[in-house]
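*Asks:* give the three-dimensional model of this entry:
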Amino acid sequence: MKVLVLGGAGFIGRHLSARIKDIGGEVTIIDNLDTSHGHGLEEYNFVNADLRTIDEKLLEDLCREADIVYHLAGSVGVELGDKEPKRTLYNNVELMLKIMPIFERAGTHVVFASTSEIYGNGPTFNEDDSAGIGPSKYTRWGYSTTKLLSEFMFRVSDIPYNLIRFFNIVGPGQLPDYGMVLPRFVDAVKNNRSPLVHGDGSQIRSFCHINDAVEMLLRVKEHPGELFNIGNSNNAISMSDLAHKVIEVAKSDVLVEYVPYGDVFSERFEDIMYRVPDTTKINHMTGYVPKYTLDDIIESML
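*Replies:* Residues are numbered from 1 along each chain as shown. Model (predicted):
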């Protein structure tokens, strides 16, 4: 099996590529290393390139040679989107305008990484639920808008595809740099610092171990044209309780610190208070149910 992973130097891409290699697949990774690093990529056929400017013939040839393309490239992270909204929005739009015609010419099955941000404030998070965004003065919603536009581009294309909305995929090797909450907490506690909780910490999230996410990613191709949530609905917890749980699992004595949103984010930011995935569809259709508990996840990251 030949697999092309766009954005494969990132957290999900590295774990996915390693798993494919372990089961005998041949992996090509394309990444510009803008928010990642090149260590360990010598194990794969690595192309250091920006997909917005990559030679079109090279990308088309690599797509044609692959049995499946995982498109994980694009700006990532709530914090990056808040601090550099123009970079985030323009990057995602330019990227899709460049590569969608190439995908269509190649005709290879593409698994596209969308985002759970498309659900907005919920209150439910099923694949058939309406998309939702807040007021346009909060640029956070621009990120989900670009991803939703990308979903529509796939739906009107003539290629086999899957759309994936990720819900807090976490695990070993994940960087704390781009606003990912659990890696931030773990990094702080490991370095004997207080985990910083935004607001009062009542925000609810649910976390999925990267190994569980990868196993689901490997199975979605058997259901072309389907949109799937990938996450773990059993690991829901408030951010305040999560910070205390990391301290408990790490056997640390640091204290949780609460910081106002205004100390961390711009006035363009609006938070989401509850987000827990409905994973009934992917669990039923692929037969895979996540195995890692929240304690398992934290222990694997410490």
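
*Asks:* and stretch 294-302, what's buried?
*Replies:* Residues Leu294, Asp296, Ile297, Ile298, Ser300, Met301 are the ones in stretch 294-302 that count as buried (16 or more other CB atoms under 10 Å). C-beta here means a position set from N, CA and C on the backbone, and glycine is covered the same way.

*Asks:* need the phi and psi values for the third one.
*Replies:* Comment: the main-chain dihedrals of Ile297 come out as phi -60, psi -50, following degrees, to the nearest 10.

*Asks:* tabulate the buried residues of stretch 294-302 in a markdown table, adding columns for secondary structure and distance to Leu41.
*Replies:* Compiled in a markdown table, these are given as follows (DSSP: H, G, I helix; E, B strand; the rest coil; distance: CB to CB, whole Å):
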| residue | secondary structure | distance to Leu41 |
| --- | --- | --- |
| Leu294 | helix | 30 |
| Asp296 | helix | 28 |
| Ile297 | helix | 25 |
| Ile298 | helix | 28 |
| Ser300 | helix | 22 |
| Met301 | helix | 22 |
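
*Asks:* so how far is Val214 from Ile29?
*Replies:* 15 Å (CB to CB, to the nearest Å).

*Asks:* also Leu59?
*Replies:* From Leu59 over to Val214 the distance is 24 Å, taken as CB to CB.

*Asks:* where is the longest helix in this structure?
*Replies:* helix 85-106 (DSSP state H).

*Asks:* helix 85-106 and the helix or strand just after that one, what's the angle between them?
*Replies:* Read in the C-terminal direction, the helix or strand following helix 85-106 is strand 109-113, with elements assigned using DSSP states H and E. Counting by axes from the mean of the first three to the mean of the last three CA atoms, to 10 degrees, strand 109-113 lies at 170 degrees to helix 85-106.

*Asks:* check contacts around Lys98.
*Replies:* Taking CB atoms under 8 Å, 6 or more residues apart in numbering, we find Lys98 in contact with Leu51, Arg52, Ile54, Glu56.

*Asks:* count of residues packed around the residue nearest to the last one when sequence neighbours are not counted?
*Replies:* If I follow you right, that is Glu56. Of all residues not flanking Glu56 in the chain, Ile102 sits nearest, at 6.0 Å (CB to CB, 6 or more residues apart in numbering). By the measure other CB atoms under 10 Å, the count of residues near Ile102 is 21.

*Asks:* likewise for Lys251?
*Replies:* Neighbour count for Lys251, taken as other CB under 10 Å: 8.

*Asks:* if I look at it, how far off is Ile159?
*Replies:* Distance, Lys251 to Ile159, by CB to CB: 50 Å.

*Asks:* surely Ile230 meets Ile282?
*Replies:* Yes: with contact defined as CB atoms under 8 Å, Ile230 counts as touching Ile282 (6.4 Å).

*Asks:* all strands of the stretch 101-250 of the chain, in order?
*Replies:* 109-113, 161-166, 169-170, 196-198, 204-206, 208-209, 227-230, 236-238 (DSSP state E, counting those that start in this stretch).

*Asks:* which of those is buried the deepest?
*Replies:* strand 208-209 (a mean of 26; mean count of other CB atoms under 10 Å).

*Asks:* quick one: strands adjacent to that strand?
*Replies:* strand 169-170 (parallel) (DSSP bridges).

*Asks:* got the contact list for the partner strand?
*Replies:* Strand 169-170 is contacted from outside by 11-12, 180, 182-183, 207-210, 213, 230-231, 297, 301, using CB under 8 Å, 6+ apart.

*Asks:* nearest to Asp129, of the residues you listed?
*Replies:* The closest of the contacts of strand 169-170 to Asp129 turns out to be Gly231 (CB to CB; 14.3 Å).

*Asks:* ok, and the closest non-adjacent residue to the closest one?
*Replies:* Closest to Gly231 by CB to CB, 6+ apart is Phe167, at 3.0 Å.

*Asks:* and that neighbour, how close does it get to Pro277?
*Replies:* Distance, Phe167 to Pro277, by CB to CB: 4 Å.

*Asks:* re the thing from before, between Ile29 and Val214, which is the more surrounded one?
*Replies:* Between Ile29 and Val214, counting by other CB under 10 Å, Ile29 is the more crowded of the two (26 against 20).
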